[in-house]
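# take a look and give me a structure for this.
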Amino acid sequence: MKIIIFGATEVGCLLATEFFEDHDITIIDKEENRTDEFNKLDISFVKGNVCDISVLKNADIRNADIFIACTAIDEANIVACLTAKKISGIRTICFVSKEEYKNTLCFEKTSLNCGDFFIDYIIWPEELLTQDIFRIVTVAQALDVENFADGRARLLEYKVTPNLSIVNKKVKDCGFTNDTLIVGITRNGDLFVPNGETVLLQDDKLIFMGTSHSLDILAGTFFHEKEIVKSAAIIGGGTVGAMLAKYLEDMKIKTKIIEKDYERCQTISEELRHTLVINGDGTNLKLLDEEQIGQSDVIISVTNNDEKNLLCSLLAKQLGVKKVIARVAKVVNIPLFEKVGIDVAVSPKNSAINEVKNDLAENNVDILATVEQGQGEVLEIRVKPEFEGKKVMDLHFPISAIIGVIQRRGKVIIPKGDTELKYDDILIIFTRAEDGSAIKSFFKVGEKCD
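Okay, here's the model as predicted:
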């Protein structure tokens, strides 16, 4: 696939790094924005601005498959996508930073006012980040949450703490609940697919897939998740903080927001009906103590400053908060946050990259989700006739992968070794990202799933 990226930004670099090994990548931007990181990649670089049609032609726009605009200027991204669409009809993905642009541009393609002049996909990273945080918050103790099959199946990630009964036990001896599979383990930063003989160690991150009901039982039995999150504190009342508070209000979770800017406090207090808005500095330990922040079930620090989010998170930990989530602007800082004890570090850029990755899924395979900063993938594959009647145990994948869920005519099946595949089943498969192409080849994929 030929992909053209407008914007030699951090997002552009992350996208190029993610896709250059399997796709033909061309970056368009001014020469002064080209960094050494781009020079390390096997990609093409075209100098100029895509608003100049000759620049798009130099990038061979007519033979490209995807055009992604991810500069720091919304208006430039919008014009670039519309220009690319007009010239070649290429699929366009546009990054924006303002809600009003997303709302305005997300009209139906079939609109009478639209014609052929539209943008295929608008990505607002702050919205994706908020949704990611919300999923994590609403499942206590979970490090990651993904929903499949209209919510009937899920993926949950938990960390193995010293007090758990499963420490130093083999997977096959843990007695995990029925309709639950452990599909991945991250140990010392590396993700792998376990088997029954794998011994679980302290600090492992365990990734489970199963029915929603079975995972609820698993959480209560093994991870002491017998109560849902009832209270949350948000540090930072910007776009993400306010949007997250609205989501939490809908779940009837008692929520507080600490925001330093008084005028912003006034604005969000008018938008939020049940959230307590506090004007103050989230790095002020005395304020946090007075407002009983330490008694919250979860703290989310989402200011636009990494250093402040790190400090606020560490203070929250000092006050005894069990679960702390921090926004990280610079993706390279995520390992640092996790190393010093922050439970979950999330990045709007990572959320956006994952969304693009999902959108680019091809060949009868959809990437439903990515985990552990892109190390793992959840794939969706439709079974072809030649696999009719084959048992899961007889598939013999060339690499490590696990079929976590089978969707069959509206039913959700958590497979066992003797489960037989049926033509047109939809398989939800967990594997390492680097092994995704091998799974695609194994199933001889053709047209994309509907």
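
# in this protein, where's the longest helix?
helix 74-88 (DSSP state H).

# quick one: residues contacting residue 126.
The contact partners of residue 126, by C-beta atoms under 8 Å, 6 or more residues apart in numbering, come to 97, 239-240, 243, 348. All C-beta spots, glycine's among them, are computed from the backbone N, C-alpha and C.

# and it, how close does it get to residue 266?
Here residue 126 is placed at a distance of 21 Å from residue 266 (C-beta to C-beta, to the nearest Å).

# ranking by neighbours, what's the top pick from the contacts of residue 126?
residue 348 (26 neighbours; other C-beta atoms under 10 Å).

# so for it, what's the pLDDT?
Per-residue pLDDT puts residue 348 at 93.

# I'd say it and residue 125 touch.
Yes - assessed by C-beta atoms under 8 Å, residue 348 is found in contact with residue 125 at 3.7 Å.

# need phi/psi at the nearest residue in space to residue 160 that is not next to it in sequence.
Once flanking residues are discounted, residue 160 sits nearest to residue 204: 4.5 Å by C-beta to C-beta, 6 or more residues apart in numbering. In terms of degrees, to the nearest 10, the main-chain angles of residue 204 are phi -60, psi 150.

# and for the one 3 residues further on?
For residue 207, the backbone dihedrals (degrees, to the nearest 10) come out as phi -110, psi 120.

# separation between it and residue 144?
From residue 207 over to residue 144 (counting by C-beta to C-beta), the distance is 8 Å.

# ok, and what's touching stretch 351-360?
1, 3, 11, 14-15, 18-19, 66, 68, 93, 95, 121, 123, 125, 128-129, 131-132, 366-370, 374.

# how about stretch 191-200?
160, 166-172, 174, 182-185, 206, 371-372, 375-376, 400-402, 430-432.

# could you grab the helix/strand/coil label for residue 402?
strand (DSSP: H, G, I helix; E, B strand; the rest coil).

# not counting its neighbours along the chain, what's nearest it?
In space, residue 402 is closest to residue 183, 4.5 Å off (C-beta to C-beta, 6+ apart).

# give me the contacts around the one helix or strand the one you found maps to.
Using DSSP states H and E, residue 183 maps to strand 180-187. With C-beta under 8 Å, 6+ apart as the test, strand 180-187 has contacts from 155, 171, 176, 191-194, 198, 200-201, 203-211, 214-215, 218, 371-372, 375-376, 402, 404, 414, 430.

# do the same with stretch 215-228
138-142, 154, 156, 158, 164-166, 174, 176-177, 180, 208, 210.

# now the buried members of these.
138-142, 154, 156, 158, 164, 166, 174, 176-177, 180, 208, 210 (16 or more other C-beta atoms under 10 Å).
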